[in-house]
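Colleague: coords please:
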Amino acid sequence: MNPAALKDIVALALMEDVGPGDLTTRSIIPDELEGRASLVAREALVLSGLGAAAETLRQVDRRIVFTPLAAEGGRLAPGSEIARLAGPAASILTAERVCLNFLMRLSGVATLTARYVKAVGRSQAAVVDTRKTTPGLRFLEKAAVRHGGGRNHRFALYDGLLIKDNHIAAAGSIALAVGRARAAAPHTLKIEVEVDTLEQLKEALAAGADLVLLDNMGPDLLRRAVALTEAFHAPGPRRTGLEASGGITLKTIGEVAQTGVDLISVGALTHSAPAVDLGLDWE
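Modeller: Just a heads-up that it's a prediction; the model follows:
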C-alpha cells in the first residue's frame, strides 16, 4: 500500500463528489450533532478497501472514529458488520458515498478473484491479474486481488519484461527481441514472451525465455505446449514457466488449470468485477 498515492486518490474522489461542500447535509444537519453508524455487508463477499475507507473518513473529518470489525481478505456473510463509525453526523454523511464506493469496488474485485481461485481447485496453477485496471486505482485493485487469494502479475511497465506480439513484430523476431532484452535488463528480472502458436513457443524456448505467455490457446493446445516445453528441458525438470491467458472465464479456468500451466492470467478480475452490495446503517 502506497500511503502518498492513497491520499491523492482519496482527495481526488472527494473533490469529485463533495467539491466545495455537501449542500444537502450542510442545509439540514447541525454541526454539533453527533452520530453513530455501521458499514454492513448486504451479500456474501470478500472484503477489500478498508484502508481507502479509513483515509476517506480521515480526510473528511479527523474526529470520526473508525473501528474495523473485519480484516482485509475476510470472508463475510450477508448482514455482517464491517466497521463502526462515530463522530460528527454531518461529516459521516458527507463521507458516506465515497467510502462505500471504494469498499464496493475493491471488495467486488476481491470477491470475483476468490471465485476464480476456488474454480482452479487443487491445481498447481496460480490465478494472476493483468494491467487492465481502472486508471488511478491500480495499486488498490491489485491489493484487492491479493485479498481474494490471487497473485499479482507485473505492476506496471517499469517492473517486468513482457515481450508481446507488437514488440516481436517491431524487433523482427522472437530471438532478436529476447536477445536485446537480455542484454539491457538487470539480471534479476525474468523475461517473458507472448506466443500464440507452438512454433513461436519453440522459438521462445530456443531464445532462452524465462516465461512464456500462451495467448488464446484452448485446453488441447495448452496441453501440447506443456508437453513440448517439458520435452525441451528433458531429461531435467521444466525450467520455463508457462502462463495461460486470453478469454478465460469461470467456466473454463478449471480445465485450463488441469493442462499443467503454472499461471493463469485473468483480466476480468479487475476490468469486469461487479461491485458488491454494501450499506451504511445509522444507529
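Colleague: contacts and neighbour counts: CA atoms only from here.
Modeller: Fine.
Colleague: Let me see the ranges of the helices in the stretch 101-250 of the chain.
Modeller: 138-147, 165-171, 174-184, 198-207, 219-233 (DSSP state H, counting those that start in this stretch).
Colleague: tell me the most buried of those?
Modeller: Mean neighbours per residue, mean count of other CA atoms under 10 Å, is largest over the helices of the stretch 101-250 of the chain for helix 138-147, with a mean of 24.
Colleague: who's in contact with it?
Modeller: Residues from elsewhere that reach helix 138-147 (CA atoms under 8 Å, 6 or more residues apart in numbering): 1-2, 46-49, 72-74, 106-107, 109-110, 113, 129, 131, 133-134, 151-152, 155, 269-270.
Colleague: can you tell me which of those residues are in strands?
Modeller: Val46 (DSSP state E).
Colleague: follow-up on the earlier one: may I see the helices of the stretch 101-250 of the chain organised as CSV, with distance to Thr94 and mean pLDDT added?
Modeller: Below are these laid out as CSV (distance: least, CA to CA, whole Å; pLDDT from 0 to 100):
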stretch, distance to Thr94, mean pLDDT
helix 138-147, 22, 98
helix 165-171, 47, 96
helix 174-184, 50, 96
helix 198-207, 55, 98
helix 219-233, 50, 98
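Colleague: Output those helices as CSV; include the columns distance to Ile264.
Modeller: Shown next, in CSV, are those (distance: least, CA to CA, whole Å):
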stretch, distance to Ile264
helix 138-147, 13
helix 165-171, 18
helix 174-184, 22
helix 198-207, 17
helix 219-233, 11
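Colleague: Out of those helices, the one nearest Leu93 is which?
Modeller: Across the helices of the stretch 101-250 of the chain, Leu93 has its closest neighbour in helix 138-147 (23.7 Å, CA to CA).
Colleague: Stretch 188-198: which residues count as buried?
Modeller: Residues Ile191, Glu192, Val193, Glu194, Val195, Leu198 are the ones in stretch 188-198 that count as buried (16 or more other CA atoms under 10 Å).
Colleague: Show me the strands in the stretch 1-150 of the chain, by range?
Modeller: 34-41, 45-46, 65-68, 75-76, 81-88, 126-128 (DSSP state E, counting those that start in this stretch).
Colleague: Which of those has the highest mean neighbour count?
Modeller: Highest mean neighbour count among these (mean count of other CA under 10 Å): strand 45-46, a mean of 27.
Colleague: Which neighbours in the sheet does it have, and how are they oriented?
Modeller: strand 75-76 (antiparallel) (DSSP bridges).
Colleague: ok now the strand it pairs with, how far from the chain's centre?
Modeller: Distance of strand 75-76 from the chain centroid (CA atoms, centre = their mean, to the nearest Å) equals 18 Å.
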